[in-house]
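Enquirer: Pasting a predicted model and its sequence here:
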Amino acid sequence: MEKRSILIVEDEQIAAQDLKESLQSFGYHVSGIARSGEQAIGMTDAETPDLILMDLHLAGKLSGIEAAEQILARHAVPIIYVTAYSNPELVEQAKRTRPYGYIIKPYDERLIRTEIEIALYKFGLDQNFRQEYAKLEEWVGKRTGELAWANEALRKSEARLDLALRSAEMGVWNWDIITGKRYFDDQTCRLLGIDPATFSGAAEEFFSIIHPEDLEMVKEALNRTLEQDVLYEPVYRVVWPDGSIRFITARGTLEKNAAGRPVRINGLVWDTTDRKRAEDALVLASKKLSLLSSITRHDIRNQLMALHSYIQLSEEVVDNPAEMRKFIAKEDKVADAINRQLNFTKDYEDLGVKSAVWQDVSMLVRDAGALHAMGKTALEIDCPGLLVFADPLLEKVFYNLIDNALRYGGDTMTAIRITAGVKGEALHIVVEDNGNGISDEDKKRLFTKGFGKNTGLGLFLSREILSITGITIIENGVPGKGARFEITVPKGTYRFSA
């Protein structure tokens, strides 16, 4: 085994020689004896020993402590101070260099041998620690770089996901099964009508906003997901603080731990109120369309029967031109009625075919007015920014109301006015004129199928169009002072644009 090398730094020649002989007798190799700090630095630079025995007071300008500081700045080597001085101030100075021992002269040979062995052992441990620490530091640096890259990639991925969710107007939520708490992001809170600043995440608080008729269904869906690990996919209603009802669609999947136990349900929610309303409106509109079809067939069939009768009667008076002309006039009148019926059917052939949509009332009224010859009658519109969720044929309703006023308002009528205002939770749209008005007797049958001098279906179907999305219409004007139609739009089917 290679001998350990020791450098002796001692300015007293006899003491240095005695120490050298002792070390050699212990089996160490003495790499040299330096009498000054400067010499010790040079010898260490030339050949770094395994250990240095350093006296504190040396020949030359540098003390043992100052020499040790310069040596340790360039080399990793254990130093043991060997000195006759032990005052506290000197010891404190020596401690700055972190020595591996401090031996007071005179010393016992066995003591110095023990101190050297302990110092070499501790230095070896320190070196191993430094090497392992360097490896760990390198590994940490590498992993830090990898984590920084992964975190940046995750941040970008989350940003893309957040953009996609915001674009789709979806909210993110999860339910911690262990704690029972629910976490909702801001979008989920907005969709559910919850204040994120006060929401505690408790189950009772979440269940309290669900419509009572849907609560059991939601709980059953959660239990199925927990027990059977199936997709959580309820569609339920929530009641907002203002009392409005929104339809919510939820999706969620079960997350389990390493032991296979359920720990969390993670999912998304989005608002399907408009879609639900459109679906309901389509179902109702389909019924209305069937009604329109039956009305059209019935009325045209009656007209054709009348026409057939007049033709038969005409054949009986072919030799009587005067009677023949009467029947031909009647036949022509029936043909005109059939033609009007066919044109009317064309106008309403899309009833219920298309989904209900949000429509600008002011724009609809202007477009409907443009289709009439208004003459001296002014069309006044005062419902800025009003949007109504209704069948696309809503314009026909305003067309019919304007047409009705122009036909029956009389020569004194000078204005048709459309206004809107919210009363309670409903919106009221008023279409009124300053013409002749409608008699009390006619009011009773005003929306009855077949009542009227044209097709008898305009106001009847106007009411049907409105009812597709729950809108109602009545006439409450004063006879002789103008007609007044009041359209009531329920909460949730109207809004005002900014």
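Expert: On my side now, so go ahead.
Enquirer: Which of the helices or strands spans the spatially most central residue of the chain?
Expert: For the chain, the residue nearest the mean C-alpha position is residue 171 (3.8 Å; C-alpha atoms, centre = their mean). Here residue 171 sits within strand 170-176, counting by DSSP states H and E.
Enquirer: Within its sheet, name the partner strands of that strand and how each one runs.
Expert: Its sheet considered, strand 170-176 pairs with strand 182-184 (antiparallel), strand 262-271 (antiparallel) by DSSP bridges.
Enquirer: will you turn those into a markdown table that also has mean pLDDT, mean neighbour count and distance to residue 14?
Expert: All C-beta atoms are positioned from the backbone trio N, CA, C, and that covers glycine. Shown next, in a markdown table, are the strands paired with strand 170-176 (pLDDT from 0 to 100; neighbours: other C-beta atoms under 10 Å; distance: least, C-beta to C-beta, whole Å):
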| stretch | mean pLDDT | mean neighbour count | distance to residue 14 |
| --- | --- | --- | --- |
| strand 182-184 | 88 | 18 | 82 |
| strand 262-271 | 89 | 18 | 79 |
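Enquirer: and those strands as a markdown table, adding distance to residue 198?
Expert: Shown next, in a markdown table, are these (distance: least, C-beta to C-beta, whole Å):
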| stretch | distance to residue 198 |
| --- | --- |
| strand 182-184 | 12 |
| strand 262-271 | 19 |
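Enquirer: Out of those, flag the one nearest residue 482.
Expert: strand 262-271 (41.8 Å; C-beta to C-beta).
Enquirer: quick one: buried residues of the strand holding residue 171?
Expert: 170, 171, 172, 173, 174, 175 (16 or more other C-beta atoms under 10 Å).
Enquirer: Over to stretch 75-87?
Expert: 77, 78, 79, 80, 81, 82, 83.
Enquirer: And the closest residue in space to the third one that isn't next to it in sequence, how far from residue 437?
Expert: In other words, residue 79. Of all residues not flanking residue 79 in the chain, residue 52 sits nearest, at 4.7 Å (C-beta to C-beta, 6 or more residues apart in numbering). Residue 52 is 120 Å from residue 437, where distance means C-beta to C-beta, to the nearest Å.
Enquirer: quick one: secondary structure of residue 305?
Expert: helix (DSSP: H, G, I helix; E, B strand; the rest coil).
Enquirer: returning to what we had before: so which strand or helix has the closest residue to the residue nearest to the centre of the chain other than its chain neighbours?
Expert: Closest residue to residue 171 apart from its sequence neighbours, by C-beta to C-beta, 6+ apart: residue 188 at 3.0 Å. If you go by DSSP H and E, residue 188 is part of helix 186-192.
Enquirer: May I see the buried residues of that helix?
Expert: Neighbour-count burial for helix 186-192 flags 187, 188, 189, 191, 192 (criterion: 16+ other C-beta under 10 Å).
Enquirer: pLDDT (mean, whole number) over that helix?
Expert: Average pLDDT, helix 186-192: 88.
Enquirer: what does that helix contact?
Expert: By C-beta atoms under 8 Å, 6 or more residues apart in numbering, the residues outside helix 186-192 that reach it are 165-166, 169-173, 184, 194-196, 199, 209, 238, 246, 248, 269-271.
Enquirer: elements contacting the helix or strand hosting residue 92?
Expert: Taking DSSP H and E as the definition, residue 92 sits inside helix 88-95. If contacts are counted by 3 or more C-beta pairs under 8 Å, 6 or more residues apart in numbering; DSSP states H and E, helix 88-95 sits against no helix or strand.
Enquirer: I'd like the numbering to begin with 40 instead of 1 from here.
Expert: OK, 40 is where the count begins now, so the last one is helix 127-134.
Enquirer: hang on, the earlier thing: OK, contacts around the residue nearest to the centre of the chain?
Expert: 204, 223-231, 307-309.
Enquirer: Distance of it relative to residue 299?
Expert: The spacing between residue 210 and residue 299, counted by C-beta to C-beta, is 29 Å.
Enquirer: and if you look at residue 292?
Expert: 15 Å.
Enquirer: who has more neighbours, the two?
Expert: residue 292 (14 against 6; other C-beta atoms under 10 Å).
Enquirer: For stretch 406-416, list every residue counted as buried.
Expert: Buried-residue list, stretch 406-416, by 16+ other C-beta under 10 Å: 407, 408, 416.
Enquirer: Can you give the distance of the longest strand seen in the chain from its chain's centre?
Expert: Longest strand in the chain by number of residues (criterion: DSSP state E): strand 284-295. Strand 284-295 sits 13 Å away from the centroid of its parent chain (C-alpha atoms, centre = their mean, to the nearest Å).
Enquirer: Show me where the stretch 290-439 of the chain dips below the pLDDT cut-off.
Expert: For the stretch 290-439 of the chain, applying pLDDT under 70 flags the ranges 320-321, 323-343, 345-346, 349, 357, 366, 370, 373, 375-393.
Enquirer: quick one: the lengthiest helix in the chain to strand 301-310, angle?
Expert: Using DSSP state H, we find that the single longest helix of the chain is helix 148-206. Relative orientation of helix 148-206 versus strand 301-310 (axes from the mean of the first three to the mean of the last three C-alpha atoms, to 10 degrees): 30 degrees.
Enquirer: which helices and strands does helix 148-206 pack with?
Expert: Judged by 3+ C-beta pairs under 8 Å, 6+ apart, helix 148-206 is in contact with helix 52-64, strand 90-93, strand 118-122, strand 140-143.
Enquirer: if you set the cut-off to 7 Å instead, what comes out?
Expert: Here helix 148-206 touches strand 90-93, strand 118-122, strand 140-143, going by 3 or more C-beta pairs under 7 Å, 6 or more residues apart in numbering; DSSP states H and E.
Enquirer: Including distance to residue 529 and mean pLDDT, could the ones you listed go into a markdown table?
Expert: Below are the helices and strands packed on helix 148-206 laid out as a markdown table (distance: least, C-beta to C-beta, whole Å; pLDDT from 0 to 100):
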| stretch | distance to residue 529 | mean pLDDT |
| --- | --- | --- |
| strand 90-93 | 95 | 94 |
| strand 118-122 | 92 | 91 |
| strand 140-143 | 94 | 88 |
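Enquirer: For these, give me JSON lines that also has distance to residue 70.
Expert: What follows is the helices and strands packed on helix 148-206, written out as JSON lines (distance: least, C-beta to C-beta, whole Å):
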{"stretch": "strand 90-93", "distance to residue 70": "9"}
{"stretch": "strand 118-122", "distance to residue 70": "14"}
{"stretch": "strand 140-143", "distance to residue 70": "18"}
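Enquirer: Let me know which of those strands is the nearest to residue 470.
Expert: Nearest to residue 470 among those is strand 118-122 (104.3 Å), distances taken as C-beta to C-beta.
Enquirer: Just the residues contacting the closest one, thanks.
Expert: Residues outside strand 118-122 that contact it (C-beta atoms under 7 Å, 6 or more residues apart in numbering): 90-95, 103, 107, 133, 136, 138-144, 154-155, 158.
Enquirer: cutoff 6 Å now
Expert: Residues outside strand 118-122 that contact it (C-beta atoms under 6 Å, 6 or more residues apart in numbering): 91-95, 107, 133, 138-142, 154, 158.
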